[in-house]
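Undergrad: Give me a model of this one.
(2 chains)
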Amino acid sequence: MPKLIKSKEPQTAKKQKKFQFQSPKGMHDILPADQPWWDKIRKVSRDTAEFYNFLRIDTPMMEDQDLFTIAVGTDTDIIEKEMFYVKSRGKDRYALRPECTAAIARSYIQHGLSHLSQPVKLYYFGPMFRHEQPQAGRFRQFYQAGFEILGGGLDAIYDAQAILASYRMLEGLKIKGLLMQVNSIGCRICRPHYKKKLSDYYKKHEKDVCADCKRRLKTNPLRMLDCKNTACLPFKEKSPSLLDSICVGCSAHLKLVLEYLDELALPYVLNPHLVRGLDYYSKTVFEIFADGNNQALASGGRYDYLIEMLGGRPTSGVGSAIGIERVVEAMKARGIAAPKTGKASVFLVYIGDLAKKKTLALIEDFRKAGIDVQESFGKDLIKRQMQLADKAEANLALILGQKEVYEESAIIRDLKSGAQETVPLKRVIEEVKKRLK
RNA sequence: GUGCCCAUGGUGUAAUGGUUAACACCGGAGUUUGUGGAACUCCUGAUACGAGUUCGAUCCUCGUUGGGCACCCCA
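TA: Numbers count the residues shown, from 1 in each chain, chains lettered A, B, ... in the order given. Just a heads-up that it's a prediction; the model follows:
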C-alpha cells in the first residue's frame, strides 16, 4: 500500500517535512564570523568622521515615498523599479529608503539645521533598500556610510572635503590601489543645453547605436556617455564633450575642486563620461574604485538644488556614500584580515557543584576588575572545560575544585607554558592581573 | 524587469529511477569521573518547497522560494 504512506498525515514526527523560512531575496544575515570586518569598518568610519568633524545622524529606515520621488527623480530606475513601498494601516505612503541623502536633506529642513553654524557636516551608517536583482556587490538591503556637507555656500573646498573623507576611510581600511574618477555634470542652466546638444548629435546616429542607447536617447541621454557597447564607442568618442559644454561657473568650480584634490595629493582621473543616476546631482560627481573591482566602492557629488526641491531655502550641499558590503568584499579579496580581538583573558574551570557556584560569583569580581573571563558552565568535566579554554585561546585557566573552595584558594594555570600555581582566593584577582600583563 | 547557471546534514563534497543517501570538517558524548593542544571510539544531523511523469523520484519535467553571474542600473 505505498499510496497510503504518502498521505498527508505525519507518519512520525521525524518524517514530517517542515517549512523553512529563508531570508528575503537579496537580504543577508551578518553572522558572527563576519562581524569583525563590520566592526572594523564601523570604527574606521567613525574615526574618520570624528577627525573631519562630521556629526553622526540617524534617520528612519522609511520616509514619505514622495520624498524620494522628488529628490531622486521619477524617471530614475531607483524610483521607477527599485523602491520598496511599505504597506501599513492607515493612509501612510511610506517607502524604505533607497539612499540617505534625501532623508538628511529632509532632516536639515525639518529641524532647522540651517540655524547651526554652516556648513553642517553629517555622517551616517545604516541599511538602504532597493528592489534589484541581486548580483555581485549588489543587494536589496545593503549598508552605506556617508558624509554630507550642507550649507555654507557653494564652495569647492566642501566637494574636496566630502571626497577626502570617503577616500581616507577606504585608505584607513587598508584598501590599496584606489582609483578616483571625477567629472562635472553642470548646473541647471548649462546641463539642459548640453543634453539638447547630445540628443541632437545622437539623433543623427540613432540607427547605428545599440538598443539600450536608443532607449536612453529618449529617457536619459547622459547615460549614453557611459555605454560600454562597442557599437556605440565610435559615436561616443565623437560626441560633444560635456566638459566643453558646461558654463563658466561650473567649469571654474570643477577647476577649483581639482586644485584642492591636487593640494591634498589625492590621485584622480577626469572622466568626462562619468554621469550619475540621481536627479539631484549637479556640478561635481565622483566615484572611487578599488583596483580590480569594476563597481564603485564610493561615489557621490554635489546637490545644490536638493534642499530647494524639498521645500527648503536654496542651500548647497555635497556628499559621498560608501557601499559597505563592497568594502567588505574588497577587504576579503585582498586578504585584509579582520583584526582579532586579541584580548588577554582567563578561562574559569570548576570541578563540582560548590566550585561551580563559587565560579559564578567570581566572574563578577573579574568584571569589576575589568578582566575578560570566559567559562563553560554546562560542561562539568574538567577535561572538556580545559579543551574549550584551549580552543578559546585563553591565556590563563583558573581552576577551582572542591579542595580549593575549602582552602579558599585557586589554581592559576598558564596555558602557554603549562606552569601552574595555587594562590589564595582573595589574592586571585591581582595574581591573574599580574600574569595577564 | 530580462537572460544563463545552481539548490544533498551547520560547512565543503560524493552517490543513485528501486531496501539503512556516503565522506571530511564542525558540533555533541566519551576513552576507569582533578588538568587543554594529539590519537581513538561512539552519536546528532540532509536530498529547499509544491505539483506532475512513474509500480517506484533525491535523481526526469514544471512551478515557487532562495543562491550565483551578466544586462539594465547602481553603493
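Undergrad: Put the alpha carbons of stretch A:351-370 into CSV.
TA: Once non-C-alpha atoms are left out, stretch A:351-370 reads as follows in CSV (Å, rounded to 0.1, in the frame of the first residue of the first chain):
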residue,chain,number,x,y,z
ILE,A,351,35.1,21.0,39.5
GLY,A,352,32.0,20.1,41.4
ASP,A,353,28.8,22.0,42.3
LEU,A,354,30.3,24.0,45.1
ALA,A,355,33.0,25.3,42.9
LYS,A,356,30.5,26.0,40.1
LYS,A,357,28.6,28.2,42.4
LYS,A,358,31.7,29.9,43.6
THR,A,359,32.9,30.5,40.0
LEU,A,360,29.6,32.1,39.0
ALA,A,361,30.2,34.8,41.7
LEU,A,362,33.9,35.0,40.9
ILE,A,363,33.1,36.2,37.4
GLU,A,364,31.6,39.3,38.9
ASP,A,365,34.8,40.1,40.8
PHE,A,366,36.7,39.8,37.5
ARG,A,367,34.1,42.0,35.8
LYS,A,368,34.7,44.7,38.5
ALA,A,369,38.4,44.4,37.9
GLY,A,370,38.0,44.8,34.2
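Undergrad: can you tell if that stretch touches RNA strand B?
TA: Yes. Interface with RNA strand B: stretch A:351-370 contributes residue A:351 (Cβ under 7 Å from any atom of the strand). From N, CA and C alone the C-beta is placed, and that goes for glycine too.
Undergrad: Report the buried residues of that stretch.
TA: By 16 or more other Cβ atoms under 10 Å, the buried positions in stretch A:351-370 come out as A:351, A:352, A:355, A:356, A:358, A:359, A:362, A:366.
Undergrad: Please apply the same query to stretch A:83-94.
TA: For stretch A:83-94, by 16+ other Cβ under 10 Å, it's A:83, A:84, A:94.
Undergrad: May I ask you to confirm that residue A:388 is in contact with residue A:381?
TA: No. Using Cβ atoms under 8 Å, residue A:388 is not in contact with residue A:381, being 10.3 Å away.
Undergrad: Which of those two has more residues huddled nearby?
TA: The neighbour count for residue A:388 versus residue A:381, taken as other Cβ atoms under 10 Å, is higher for residue A:388 (17 against 10).
Undergrad: Please name the nearest non-neighbouring residue to that one.
TA: residue A:376 (4.8 Å; Cβ to Cβ, 6 or more residues apart in numbering).
Undergrad: could you list every residue that touches that neighbour?
TA: Residue A:376 makes contact with A:347, A:384, A:385, A:388, A:389, according to Cβ atoms under 8 Å, 6 or more residues apart in numbering.
Undergrad: Can you say which helix or strand has the closest residue to residue A:184 other than its chain neighbours in it?
TA: Sequence neighbours aside, residue A:254 is the residue nearest to residue A:184 in space, at 4.1 Å (criterion: Cβ to Cβ, 6+ apart). Following DSSP states H and E, one finds residue A:254 within helix A:248-263.
Undergrad: Report the distance from that helix to the chain centre.
TA: In terms of Cα atoms, centre = their mean, to the nearest Å, the centre of helix A:248-263 is found 29 Å from the chain centre.
Undergrad: I'd like the next helix or strand past it.
TA: strand A:269-270.
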